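**Student:** need a 3D model of the following:
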Amino acid sequence: MNLTPWRSVLLVLASWQVDAPAGIERATAALATGLAEAGHHVVIATAAPQPMGRSLPGVTVEPLDLGVTFPCSDTTLRDAIDGATDKLQARLLDITERHRTDTVVFTDALWGLGRLELNLPAGVRRILAVHVMPHAEDMHPALALADTVIAPSEFVRSEARRAGWAASSWHVLPNALLREIDPLPATERRALRESGPIRVLARLGTEKGVLPLLTAAACLPSRRPLHVQLATAAFESADGSQEKLLGRCRTIADKADHITLSTGTLPWDEVPLWLSEAALVIVPSLRETFGLVALEAMSVGTPVIAYRTGNLPTLLQDGTATPGLLAELMHGPNALLRLAQRLLADPIAYERTSKAMYHLSQDYRPVRIAQQFVKAVS
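**Tutor:** Next comes the predicted model:
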């Protein structure tokens with residue numbers, strides 16, 4: 001007997017777009033997919049244009065008008081929200097009423113419009129998702145308005161407490177896998193260990209650590225192919241910052257024959273397969289509040305090498321498969337590359353790691369996370 005209450009959920013994220021190369025967008029899609037698969041009614045409200053012919057099964061997308069062009073900075077978006085408050089309130093109330101929404105999830109204090117005052121109908125619950133720590137000027141009003149706060153990891157909740165926020169009542173709700181495919185057969189996985197490429201998938205942001213990794217990899221005597229896929233997100237620290245970073249990455253990659261740098265958005269449906277065809281995946285992030293790319297690689301049995309930072313030690317459960325999959329941040333990208341070489345040179349440890357990571361990933365299936373969400377917000 002299914003005792004889970006039926007929900008009509010509205011997820012709000014200004015920058016949400018199918019195939020967007022960013023964690024909150026992908027996590028929102030995974031939650032929406034899981035809820036829809038579990039039989040709930042799901043709507044996503046977004047100001048970003050949607051690609052033709054691309055959608056999430058069972059999920060309705062409602063447009064918002066913010067009058068901004070993406071990518072944009074936090075300041076630009078904040079000013080747009082302040083300038084369109086009345087219009088946004090009316091639009092969100094209309095969406096809520098038409099879809100008989102009982103739960104509204106503001107997926108971030110700023111980008112998820114959590115700072116926006118909205119007089120929701122009686123009985124409609126207001127949820128704030130804190131994927132990353134927002135600026136205080138957004139966090140103050142967002143927290144004051146929220147009925148419930150959810151975070152993707154204990155790391156985020158601890159980070160909030162260190163920043164002085166009362167986070168003890170927050171619910172930890174992990175991000176879910178969006179797409180699931182079967183791992184490669186053992187024979188193909190062994191062939192990849194011997195000669196397959198190392199792969200990196202990231203959006204353009206300095207905190208993703210790609211530039212230092214490229215700098216270190218360009219000097220390596222090893223000629224193991226390194227494939228790096230970079231994409232522009234809808235948000236950036238300052239106007240034009242992503243293009244500047246891309247130029248620096250491209251300059252380094254162009255001088256190294258074993259490095260292939262690709263740009264443009266990799267469709268969500270293609271991400272698991274792309275990661276599965278790697279000998280291993282390096283996640284060089286300097287801080288990571290969850291680690292979706294790592295989880296996606298784990299789900300297809302591809303070993304992951306990363307820094308011991310943020311939620312990655314919890315996600316990877318370092319030591320479960322083989323010690324040393326996480327490098328200390330202070331030791332820099334050369335430590336990541338040394339760990340990668342060590343694992344690739346040890347077939348027994350490699351196979352054990354591949355299997356362990358796949359099994360760990362099964363805790364993050366979308367319907368399972370959707371059930372946890374409904375319990376947290378009920």
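
**Student:** mind listing what V149 touches?
**Tutor:** By Cβ atoms under 8 Å, 6 or more residues apart in numbering, V149 lies in contact with I127, L128, A129, V130, L143, A167, S169, W170, H171. C-betas here are computed from N, CA, C, even on glycine.

**Student:** what separates the last one from Q17, distance-wise?
**Tutor:** This points to H171. 27 Å (Cβ to Cβ, to the nearest Å).

**Student:** those two: who's more crowded?
**Tutor:** Taking neighbours as other Cβ atoms under 10 Å, H171 and Q17 compare with Q17 leading, 23 against 16.

**Student:** let me know the secondary structure of that one.
**Tutor:** Remark: Q17 carries the secondary structure label coil [criterion: DSSP: H, G, I helix; E, B strand; the rest coil].

**Student:** L177 too?
**Tutor:** Per three-state DSSP, the secondary structure class of L177 is coil.

**Student:** the contacts of V149 in strands, which ones?
**Tutor:** Using DSSP state E, the subset of those located in strands is I127, L128, A129, H171.

**Student:** any idea which of these is closest to P49?
**Tutor:** Taking Cβ to Cβ as the measure, P49 sits nearest to A129 out of the ones in strands among the contacts of V149, at 22.8 Å.

**Student:** quick check: beta-bridge partners of the closest one?
**Tutor:** Residues in a beta bridge with A129, per DSSP bridges, are I150.

**Student:** ranges for the strands of the chain?
**Tutor:** With DSSP E as the criterion, the chain has strands spanning 8-12, 41-46, 59-63, 103-106, 125-129, 148-151, 171-172, 198-203, 226-231, 259-263, 280-283, 304-307, 326-327.

**Student:** residues in contact with A146?
**Tutor:** Contact criterion Cβ under 8 Å, 6+ apart gives F106, G114, R126, I127, L128 as the residues in contact with A146.

**Student:** in contact with the residue nearest to P267 when sequence neighbours are not counted: list those residues for me.
**Tutor:** For P267, ignoring the flanking residues on the chain, the nearest one in space by Cβ to Cβ, 6 or more residues apart in numbering is D19 at 4.9 Å. Listed by Cβ under 8 Å, 6+ apart, the contact set of D19 reads P51, R54, T265, L266, P267, W268.

**Student:** and the contacts of A146, which are buried?
**Tutor:** A residue is treated as buried here by neighbour count (16 or more other Cβ atoms under 10 Å); on that basis the buried members of the contacts of A146 are F106, G114, R126, I127, L128.

**Student:** adding pLDDT and distance to P284, write these out as a markdown table.
**Tutor:** As requested, those are exported to a markdown table (pLDDT from 0 to 100; distance: Cβ to Cβ, whole Å):
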| residue | pLDDT | distance to P284 |
| --- | --- | --- |
| F106 | 98 | 30 |
| G114 | 97 | 30 |
| R126 | 98 | 36 |
| I127 | 98 | 32 |
| L128 | 98 | 30 |
